[in-house]
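>>> need a structure here:
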Amino acid sequence: MRIAIASGKGGTGKTTLSVNLAYALEMPVQLLDCDVEEPNSRLFLEANEVKEEVISIPVPEVDEALCDSCGECAKFCEYNAIAVLGTKPMIFPEMCHGCGGCMRICPQSAIKEVDNRIGTVKTFESGEVTLLQGCLDVGAAMAPPLIHAVKKRQAAGKVVILDAPPGTSCPVIAAIQDVDFVVLITEPTPFGLNDLVLAVDMVRVLSLPFGVVINRVGAGDNRVHDYCAEENIPVILEIPDDRRIAEAYSRGELIVQALPEYKPVFVDLHTRIKKMVEAGRISVELPL
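Residues are numbered from 1 along each chain as shown. The predicted structure is shown next:
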């Protein structure tokens, strides 16, 4: 089963939930850190690095001896990665999505593809948890291809937990679009509610089953609870505003290790998600 942990905004506890859920299950788990611009799941695991892979995407390279500056490649490119200003084409690799269309449309067959590095995928082992961490290179702009590279390394027969990027933009869509269940974690504040509404709209458009985890309960108000009740959205876990959790987090410790009484809470969360997926009880239809 593939479970994505997502949030409408950063700082709600997405990574905290991901790593503690993975560690609490005590079974073979793959934890995919798909927040490739700021991967931090590794900070909470005592893990050994076993592999590092360089990830590249294909970008065009022009053979100027064959090119007649017709400009068809620039007209085709939807992302303005090629410019023809009365000269030979100028290529902007950081804007290229690697679709290969320019190479196929070139009348002179003057374009070939070369690899352009965008980042790495590192594999770590920590007990039953295998962490796959994507790390986007500094200056690289294309997060989705690296996220897809992380997801391609999923192994069959394991629970897969994806730590998605925050927000509702393209990297988040790339991370969650084909999972079995999405956990939207939020906080009981006006900002938390505002971004939760955006995230709910996103998963409903994608027709994904989902539930909400409310973190730091007791530190805000009841507007998130009221919204979930009005929208018939299941609140599948409430994590209290426990100072001990914050202290453990500040030391880089897992909640389930520092505070063992919370371990059954995360195990129960997985059980609830599994039952909801199997029963297919979650409505993902757009509200009338």
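
>>> which residue is nearest the middle of this structure?
Central residue of the chain (Cα atoms, centre = their mean): residue 164, 2.4 Å from the mean position.

>>> where do the helices sit along the stretch 51-200 of the chain?
Counting by DSSP state H, counting those that start in this stretch, the stretch 51-200 of the chain has helices at residues 72-76, 101-105, 143-151, 170-176, 190-205.

>>> can you redo those helices as a markdown table with mean pLDDT and distance to residue 84?
The C-beta positions use only the backbone N, C-alpha and C, and glycine is treated the same way. Formatted as a markdown table, the helices of the stretch 51-200 of the chain follow (pLDDT from 0 to 100; distance: least, Cβ to Cβ, whole Å):
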| stretch | mean pLDDT | distance to residue 84 |
| --- | --- | --- |
| helix 72-76 | 96 | 4 |
| helix 101-105 | 96 | 11 |
| helix 143-151 | 97 | 25 |
| helix 170-176 | 97 | 27 |
| helix 190-205 | 97 | 37 |
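
>>> now render these as a markdown table, adding mean neighbour count and distance to residue 45.
Shown next, in a markdown table, are those (neighbours: other Cβ atoms under 10 Å; distance: least, Cβ to Cβ, whole Å):
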| stretch | mean neighbour count | distance to residue 45 |
| --- | --- | --- |
| helix 72-76 | 18 | 45 |
| helix 101-105 | 16 | 41 |
| helix 143-151 | 22 | 16 |
| helix 170-176 | 22 | 19 |
| helix 190-205 | 18 | 26 |
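
>>> once you drop chain neighbours, what's closest to residue 88?
Here the nearest residue to residue 88 in space, its sequence neighbours aside, is residue 64; by Cβ to Cβ, 6 or more residues apart in numbering that works out to 5.1 Å.

>>> quick one: that neighbour and residue 87 touch, right?
No - in this structure, residue 64 is not within contact of residue 87 by Cβ atoms under 8 Å, at 9.8 Å.

>>> could you chop this structure up by domain?
For the chain, the structural domains run 2-55+119-279, 64-109, going by automatic domain parsing.

>>> model confidence for the closest residue to residue 116 other than its chain neighbours, exactly?
Nearest residue to residue 116 in three dimensions, chain neighbours excluded: residue 59, at 4.3 Å (Cβ to Cβ, 6+ apart). What the model reports for residue 59 is a pLDDT of 96.

>>> list the contacts of residue 59.
81, 91, 93, 96, 98, 113-116 (Cβ atoms under 8 Å, 6 or more residues apart in numbering).

>>> lovely, talk soon.
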